[in-house]
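Novice: no sequence on this one, just coordinates:
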């Protein structure tokens, strides 16, 4: 039990995907303009990442390892993630058109979101068990969501600020992300796995 | 050899399974119609003026929802409407092509009116009353100021007047301070697409 | 004639007064810093304040804004706060670099006073800590120690030290520095020595920590001086009680709870309260109005968050001190806290 | 409840409501008796002096009117008629600038008083206690009585007996928390008996049991006078409550919270918590209307401010030009000073003094311009100190709200409850960055109202346009049907012809 909690803390705070591993920067910068969109994206990513890490673990353990096809890992995982995202996209389109519009191109972008592929590959690398994989995927997504939502709040505030012309838009967003990353360094060493 | 076979079969099989699932999903989650049209139409000012190049607000909403039209064609809606549509569609705001003019209202000089009813036919919101061979009058409260009635009038007796400012409808301007002006400058910069 | 709105009278409070009151409240801590670290403290504080003001003025000029804004007191306050969080043994260039970071990256990039989401002084300090970990964790032996290796009351020695480092005096950095209580406890713990034993062989005394007679950053050692300043700010209503109270209470509660579970693993609450930069952060950093929430409920949440993070980082983390990080981390959450902790407006919900 | 009180105290609460500020009182005219102002050579009477719909003039140019004669008739429900403030001749009826921040005008009736005493009154009803409350209500309506505290809401609308919301408490508002103003104060000292009589009438009309006169404790003489008057009138269940001096204690919602401990739910009326709140001057006007048959034609105005040589409390007929009034109080350089209509916290800066006083006017303050903060206000960036939220009597977060308004994020502003702002000015008063917060809120409210009107108009236009399309469609079908029938007919005749 403690081990699982540590996996979660580690994935959410210490080894945060965005701020310490620098994965998933594209949606992090792209969908953080507004709090509502960021929340929607967070849920989508949480859903996809948890499912993707589960599915990829299953495929890895029951297909790739027995058949000795480890070299097909990446292509298999991409296939899984791509079809998962497609499926979710159709689902959201049906159930919540506004969220669908808000996520816009970012939903398909999750397909090639390195965070999703990263979590699948890292699971394999770290030789996590089934529960570990699921939790690690979920935790990574939770960390992504946490940071994304915090960042969108900050950006909404910066939106009102008279930022000098040279720093408007992405520059100030990147500086802010850097500051957040600095702050998150405070967590380093919090959990030793 | 068996390794390659296994690879081909497993990958192919997996891809096929995924394809089947997606095909089923496509059937199950098919979306009828486009709910976005209604949402966009609700944002438009309903002047039915046609300045966007479409014969009314609804057709423009349909075009935007289909992705055929840009979000910045609604002139009377101005900056605000453009931003709302852009938000809804999840696209970048675009600068307006034309500044919205002050709200207008049509006025018929009744002594010159010949009662031809052409303007009545042109009015998209039935804001002109009158019968053949009778004077026509604009119901000022219903007029959207679209100017569609001006062209058809054979005797040019329709004027577009600026809507008078009512004391009840007066609203406070922004404070006259540097900060407030800064906000304005920021909005203008946004409108220029920078 | 412009349209002007009521009210036509004003209470007379101003930003400059607010900033000056905070500087005034920091004077006791600054005094203790001078007592402990002599001329080095003076040099650090003066150079930090000047370089903050100068870099702000230059930036304002470069962006075509009114240069006089650099004198509104906020840049000076940032400089003073930054200096007080730095160890006494840092060289001059680090002070200047930190000040420029604080003003440019921490504040002006966002549009200047009022728009920085992070506390500029803390942001600069964390940048320095991560960039120069050795310098930033070497604590000069204060003058209150039994045998201070350097006479810090001699301005010649201090100037040489400040400009050229200990090498100019023919000494190594190790020779003039010692561990802070927090750092000592942390390193001993990694070596498998319990908290009580570690504190005992450090000769740790609460009275010393309260008065500030211990190693640490310039202005963070004396809880007494910081409390005096904090009380002044509370009395003047520059800050409200919410953040300091929630912050300190959370740390104390967590510490007390875990200390009662395992006293050898977890340090006692009093130690936590008096150690490191907690007091400085609780009264001066976390309460920085610009980077903290505006609503009372939000301030409580903010304080509790800071407290939890500080305690966690101190107890479990890789860094011995977590106060700075925790405030910076909570700064990230301020817009959300503000949004979700709005007070109940008159006539909405509740009793009707 | 206990926790709530502690929280309230810890949040700096002094009065019975959240926040508030202590403003220097400057009640320089508190001991000056009410004087009658001489008649101005011309009275400019706007046809609308209340919240609601404008009235239609009943008189023509050249008509002779007597004081108290109705000269403008209410057309809608939410309106109060206007009466001639003095006897004289109607010289013109045209648009004239009125007291309004826009500087726009309204139709006004210009009367040249002839100095005669000719007056028109209704039948006095000293026997009001035997009359039907509905009848009394009609009298209040006909006499054009509106709330004289400054809101000028037609009084009769509040004087109803509603079975679902019976009025339990009637509160007379004698708080007068605005600095400088002393009209209610003087009225309570000098006319306490009439105020108490008005209270009795009002209480009878709404059937309330309890009556409370609320007065701030910086007016001990008024408290004394009203207490004595209550004793003389032998009113039961009536008391005077001295309240701590804390701006905006006199705001209706805050006063209700202080006295009853209940908050008026958003978007509802005091009636819904069983309270009727009326200003003391309104109570007196009700008494004059019922027992003397006098319509509302004049009121007491405090003339004060450091530029006025001879400050005081004066009784002024409506329509008196501000310029005349200030000149009467010895002010010679009127165009050099700044004139504020109302109190310094919520009053209006007059861009022109050629405007008539009306029912809403409770004070005219003239200052040297460098004393008026709002004119030299230099807005600085918000440092988020949160003082604005601490003093806000409705518990808003003013600085965030102003941010949203400034950046035209009106939906956000509405979500932050912009429309609950009472514009009391506490936030602007304490702001160290001198941000004109109230101005931003007014801007936001105005823009939101504009947006709402546009949306409503768009909705109506959509309906009209859709109706038209349906009609055109029907006509097309009808035409097609007609053509079809004609064709069939033609074929029939053809067939018939073929058979021939």
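Specialist: That came through fine. As the structure is a computational prediction, the values presented were derived from the model and not from experiment. Numbering: from 1, shown residues only, chains lettered A, B, ... in the order given.

Novice: test my guess that residue D:339 contacts residue D:363.
Specialist: No. Applying CB atoms under 8 Å, one finds residue D:339 not in contact with residue D:363, separated by 10.4 Å. To be clear about C-beta, it is placed using only N, CA and C from the backbone, and glycine gets the same treatment.

Novice: the residue of chain A found nearest chain D - how many residues pack around it?
Specialist: At 5.3 Å from chain D, residue A:160 is the closest residue in chain A, using CB to the nearest CB. Counted by other CB atoms under 10 Å in any protein chain shown, the residues lying close to residue A:160 total 18.

Novice: same deal with residue A:61?
Specialist: 14.

Novice: with residue C:126 instead?
Specialist: 25.

Novice: check what pLDDT the residue lying closest to residue D:156 once chain neighbours are set aside gets.
Specialist: Distance criterion CB to CB, 6 or more residues apart in numbering or on different chains; nearest residue to residue D:156, sequence neighbours excluded, is residue D:141 at 3.9 Å. pLDDT, residue D:141: 93.

Novice: residue C:249 now?
Specialist: 96.

Novice: tell me which element the closest residue in space to it that isn't next to it in sequence falls in.
Specialist: What sits nearest to residue C:249 in space, not counting adjacent residues and going by CB to CB, 6+ apart, is residue C:307, at 7.1 Å. For residue C:307, the host element (DSSP states H and E) is helix C:296-316.

Novice: element containing residue C:42?
Specialist: Per DSSP H and E, residue C:42 falls inside helix C:15-62.

Novice: repeat for residue D:319
Specialist: Counting by DSSP H and E, no helix or strand carries residue D:319.

Novice: so it versus residue D:112, what's the distance?
Specialist: Note on residue D:319: its distance to residue D:112, by CB to CB, to the nearest Å, is 11 Å.

Novice: what of residue D:414?
Specialist: 48 Å.

Novice: then residue B:167?
Specialist: From residue B:167 to residue D:112 the distance is 26 Å (CB to CB).

Novice: what about the nearest residue to residue A:181 once chain neighbours are set aside, how many residues close to it?
Specialist: Leaving aside its sequence neighbours, residue A:181 sits nearest to residue A:19 (CB to CB, 6+ apart; 4.3 Å). For residue A:19, the count of nearby residues is 26 (other CB under 10 Å).

Novice: which residue packs closest to the closest residue to chain B within the stretch 51-200 of chain D, ignoring adjacent ones?
Specialist: Of all residues in the stretch 51-200 of chain D, the one sitting closest to chain B is residue D:102 (4.0 Å; CB to the nearest CB). Spatially, and ignoring its direct neighbours in sequence, residue D:102 is nearest to residue B:170 (4.0 Å; CB to CB, 6+ apart).

Novice: that neighbour contacts residue D:103, correct?
Specialist: No. Distance between residue B:170 and residue D:103: 9.1 Å, which falls outside the contact criterion (CB under 8 Å).

Novice: list the contacts of the residue positioned nearest the centre of chain B.
Specialist: Geometric centre of chain B, nearest residue: residue B:44, 4.0 Å, by CA atoms, centre = their mean. Contacts for residue B:44 (CB atoms under 8 Å, 6 or more residues apart in numbering or on different chains) come out as B:57, B:60, B:61, B:74, B:77, B:81, D:458.

Novice: tell me how far it lies from residue B:74.
Specialist: As for residue B:44, its distance to residue B:74 is 6 Å (criterion: CB to CB).

Novice: kindly report the same for residue D:339.
Specialist: 44 Å.

Novice: check which helix or strand the closest residue to chain C within chain A maps to.
Specialist: Relative to chain C, the nearest point of chain A is residue A:189 (2.1 Å; CB to the nearest CB). Assigned by DSSP H and E, residue A:189 belongs to neither a helix nor a strand.

Novice: can you check residue D:136 too?
Specialist: Using DSSP H and E, residue D:136 maps to helix D:133-142.

Novice: quick one: buried residues of that helix?
Specialist: The neighbour-count check on helix D:133-142 (16 or more other CB atoms under 10 Å in any protein chain shown) flags D:133, D:136, D:137, D:139, D:140, D:141, D:142 as buried.

Novice: so which of the residues you listed is the closest to residue D:484?
Specialist: Proximity of the buried residues of helix D:133-142 to residue D:484 (CB to CB) peaks at residue D:141, which lies at 62.0 Å.

Novice: what's the weakest-modelled helix or strand in the chain?
Specialist: Using chain A. When each helix and strand of chain A is scored by mean pLDDT, DSSP states H and E, helix A:106-111 comes last, with a mean of 68.

Novice: nope, chain C please
Specialist: Per mean pLDDT, DSSP H and E, bottom of the list for chain C is helix C:173-176, a mean of 84.

Novice: name the residues that touch that one?
Specialist: Under the contact criterion CB under 8 Å, 6+ apart, helix C:173-176 has outside partners C:89, C:134, C:138, C:140, C:141, C:149, C:150, C:165, C:166.

Novice: any low-confidence regions in chain C?
Specialist: Low-confidence segments of chain C (pLDDT under 70): C:1, C:350-352.

Novice: so residue C:304 is in contact with residue C:246, correct?
Specialist: Yes. At 5.0 Å, residue C:304 counts as touching residue C:246 under the criterion of CB under 8 Å.

Novice: which one of the two is surrounded by more residues?
Specialist: The residue with more neighbours, out of residue C:304 and residue C:246, is residue C:246; 21 against 18, by other CB under 10 Å.

Novice: now do the same contact list for residue B:7.
Specialist: Counting by CB under 8 Å, 6+ apart, the residues that residue B:7 touches are A:67, A:69, A:72.

Novice: cool, residue D:176 as well?
Specialist: Residue D:176 sits next to D:182, D:183, D:184, D:185, D:216, D:219, D:250 when contact means CB under 8 Å, 6+ apart.
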